[in-house]
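Novice: Predicted model follows, preceded by the sequence.
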Amino acid sequence: MSEADTPNGEGARDFIREIIRADLREGRHSTVVTRFPPEPNGYLHIGHAKSICLNFGVAEEFGGRCHLRFDDTNPSREEQEYIDSIMDDVRWLGFDWGTHLYYASDYFEQLYLWAEHLILAGKAYVDDLSADEIRGHRGTLTEAGRNSPYRDRSVEENLDLFRRMRAGEFPDGARVLRAKIDMASGNINLRDPVLYRILRATHPRTGDAWCIYPTYDFAHGQSDAIEGITHSLCTLEFEDHRPLYDWFIDNLPVPSKPRQIEFSRLNLTHMLVSKRRLIQLVRDGHVRGWDDPRMSTLSGFRRRGIPPAAIRDFVRRVGLTKSENVIEMALLEHCAREVMNKTAARRMAVLNPLKVVIENYPEGQTEELDAVNNPEDPAAGSRKVPFGREIFIERDDFMEEPPKKFFRLAPGAEVRLRYAYFVTCTGVVKDAAGRVTELRCTYDPATRGGDSPDGRKVKGTIHWVSAQHAPVAEVRIYDHLFREPDPGARGDFVDDINPQSLTILTDSRIEPALADALPGEAVQFERQGYFCLDRDSAPGKPVFNRTVALRDTWAKIQAKDGKG
RNA sequence: UGGGGCGUAGCCAAGCGGUAAGGCAACGGGUUCUGGCCCCGUGAUCCCAGGUUCGAAUCCUGGCGCCCCAGCCA
């Protein structure tokens, strides 16, 4: 569940919670009811997580409830697949709507009746203008619009026409129902907004029962009112829809009076959080699907291995305001590491293997060494790791001509093999091309377990894996999908795609205990990062995703030195 | 003289007239069988200009900058 500090809303103190607190204190409401209202036309992304955590979080903190309501008023782009994925994602994030699952389509009949109510009150009319003509009459941002020639039809004619629209007597787009408000309003949303359009498309829920569908504006607020939503929280771009939202609430016999409050959406550097562009990435094959680990979708984060608790904490930390913002990816990564540091089991895996032969280690001998599972969690216990004469170490952990502060293996240098022995490099074997293919070392039997009885210090500790006991694994290393912090800022966002966002390692070697890794479970490959088993794994063919690398100050030092 | 918002450190964000919280990042240092974790230390006068006040990031006035709106999308 969420990280709410208290059950009485005394935790977070953002402006929305302050408003709610005041509403409760001053008796405007006795309970809090919110809703998360996704349109099922795409997958949920990290931006939605903010809304989900807010709506469900607030409800929980104030002892109220939060509804999951699908805003399914446009069957031309909505699908059951999306409905299913959205429910999965909300649950995965850690929230529960209980029995409060609703669909705007559940209210189609009521909404229709309210439309007739407006017609009867002379506040809505059927317009025969085409979409283009309506646009032409709408005016511009600085000029008032003009009334439609059909604006003054009689109540009887409007009622008749609207009923015939519902009955299917007119083709798609032939007529619409419009509210009669003010074509000269500075707020374009009030220039006689469209309430109903004729649209023949099979709806995921209502099938072909309807051929007219309400617009967002006509459906949202009334749906809120029907459900008794007290605080309807949405993003900033709906701010100027609020007068219209209120107009419907004030002009219709709705059962309750919800209040819309807007907040700024969440944006992340190096990522896109726009359904339209996410769809494009999938459709054009720039990624491997909606749940590609490089995607900003919740399913992508899940497959990547980001724990839901990290996302909840992240959302809590970015705050809630009305200011435009772009959060650095580094914060999300920090949150992910913080959660996994405390929970992930430590294992050894060699991503880019370099063979090492320990010359003075008895041929054919094997032994089991104790390794701590998680230094941050004593209860996690320890495991046995096999050791032998031939091992693999990370290629990057050896340098023939090391720079000054390189605390790893180099000719003549001694390092500790984590949980095993101190070894000293005595020889380098190369192939015809001069590439290092193997290292020869000697070990000190007295340092078994990694401690030196003589108190001798060693500069570095590196990870390793016994050649004889290490299964091969595929490891997928992810980097930002976009190389620019603000993709698309200077042109087509596709041009900003990072060509190195995915590196596939096919010859990594893992310690035996990793063969038991569970899908979705975070594990730390020591000194490298957090990983999780990917669903592409097959028996005997494990595939790991790198969720996030460990902080790497050595890499930072090198980068700095490199720049001179 | 269209309407609606926003403007506090590189990125977020507290602050609600009494003399600038916190987090991330960055940079120093300590510790360490993960160059991880952890620990210590380093940064702003608050978009600008006037004004009110003993005192303003907080109030007033005028500017400037940025974002959203002209779907029968949500």
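Specialist: Cool, the structure landed. Numbering: from 1, shown residues only, chains lettered A, B, ... in the order given.
Novice: In chain A, what residue comes closest to RNA strand B?
Specialist: Among all residues of chain A, A:Gly450 sits closest to RNA strand B, at 2.0 Å; criterion: Cβ to the nearest atom of the strand. Bear in mind the C-beta positions are built from the backbone N, C-alpha and C, glycine included.
Novice: Backbone dihedrals for that residue, please?
Specialist: The phi and psi torsions at A:Gly450 (degrees, to the nearest 10) take the values phi 110, psi 0.
Novice: and the stretch 401-550 of chain A, which residues reach RNA strand B?
Specialist: A:405-408, A:416, A:418-419, A:449-451, A:460-462, A:524, A:526-527, A:550 (Cβ under 7 Å from any atom of the strand).
Novice: Low-confidence stretches in chain A?
Specialist: Scanning chain A with the threshold set as pLDDT under 70 gives A:1-11, A:563-564.
Novice: repeat that with 90
Specialist: A:1-13, A:404, A:453, A:455, A:459, A:489-491, A:516, A:520, A:558-564 (pLDDT under 90).
Novice: Can you list the residue ranges for helices in it?
Specialist: Assigned by DSSP state H, the helices in chain A fall at A:15-25, A:46-61, A:80-93, A:108-120, A:131-137, A:155-166, A:216-227, A:242-251, A:275-283, A:298-304, A:308-318, A:329-343, A:553-563.
Novice: Can you say which of the residues of the stretch 401-550 of chain A next to RNA strand B are buried?
Specialist: Among those, those classed as buried by 16 or more other Cβ atoms under 10 Å are A:Phe406, A:Arg408, A:Arg416, A:Arg418, A:Tyr419, A:Gly450, A:Thr461, A:Ile462, A:Gln524, A:Glu526, A:Arg527.
Novice: want to try TSV for the helices of chain A, with distance to RNA strand B as columns?
Specialist: Shown next, in TSV, are those (distance: least, Cβ to the nearest atom of the strand, whole Å):
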stretch	distance to RNA strand B
helix A:15-25	6
helix A:46-61	11
helix A:80-93	12
helix A:108-120	12
helix A:131-137	3
helix A:155-166	11
helix A:216-227	3
helix A:242-251	8
helix A:275-283	8
helix A:298-304	17
helix A:308-318	4
helix A:329-343	4
helix A:553-563	3
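Novice: Show residues contacting stretch A:317-332.
Specialist: The contact list for stretch A:317-332, computed with Cβ atoms under 8 Å, 6 or more residues apart in numbering, reads A:12, A:14-16, A:46, A:50, A:54, A:236, A:262-264, A:266-271, A:306, A:310-311, A:314, A:335, A:480, A:485-486.
Novice: Export only the CA atoms of it, formatted as PDB.
Specialist: In PDB, the C-alpha atoms belonging to stretch A:317-332 read as follows (Å, rounded to 0.1, in the frame of the first residue of the first chain):
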ATOM      1  CA  ARG A 317       9.100  12.800  -3.500                       C
ATOM      2  CA  VAL A 318       8.400  14.800  -6.700                       C
ATOM      3  CA  GLY A 319       5.600  16.600  -4.900                       C
ATOM      4  CA  LEU A 320       2.300  18.000  -6.100                       C
ATOM      5  CA  THR A 321       1.900  21.500  -7.400                       C
ATOM      6  CA  LYS A 322       0.600  23.400 -10.400                       C
ATOM      7  CA  SER A 323       4.000  24.300 -11.800                       C
ATOM      8  CA  GLU A 324       5.300  22.700 -15.000                       C
ATOM      9  CA  ASN A 325       8.100  20.400 -14.100                       C
ATOM     10  CA  VAL A 326      10.600  17.900 -15.500                       C
ATOM     11  CA  ILE A 327      12.000  15.400 -13.100                       C
ATOM     12  CA  GLU A 328      15.500  14.000 -13.600                       C
ATOM     13  CA  MET A 329      15.700  10.300 -14.200                       C
ATOM     14  CA  ALA A 330      18.300  10.200 -11.600                       C
ATOM     15  CA  LEU A 331      15.700  10.600  -8.900                       C
ATOM     16  CA  LEU A 332      13.700   7.600 -10.100                       C
END
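Novice: Now tabulate the helices of chain A in CSV and tack on distance to A:Ser382 and mean neighbour count.
Specialist: Compiled in CSV, the helices of chain A are given as follows (distance: least, Cβ to Cβ, whole Å; neighbours: other Cβ atoms under 10 Å):
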stretch, distance to A:Ser382, mean neighbour count
helix A:15-25, 45, 16
helix A:46-61, 36, 24
helix A:80-93, 31, 17
helix A:108-120, 61, 18
helix A:131-137, 69, 13
helix A:155-166, 70, 17
helix A:216-227, 53, 23
helix A:242-251, 59, 17
helix A:275-283, 43, 15
helix A:298-304, 28, 24
helix A:308-318, 25, 21
helix A:329-343, 17, 18
helix A:553-563, 27, 10
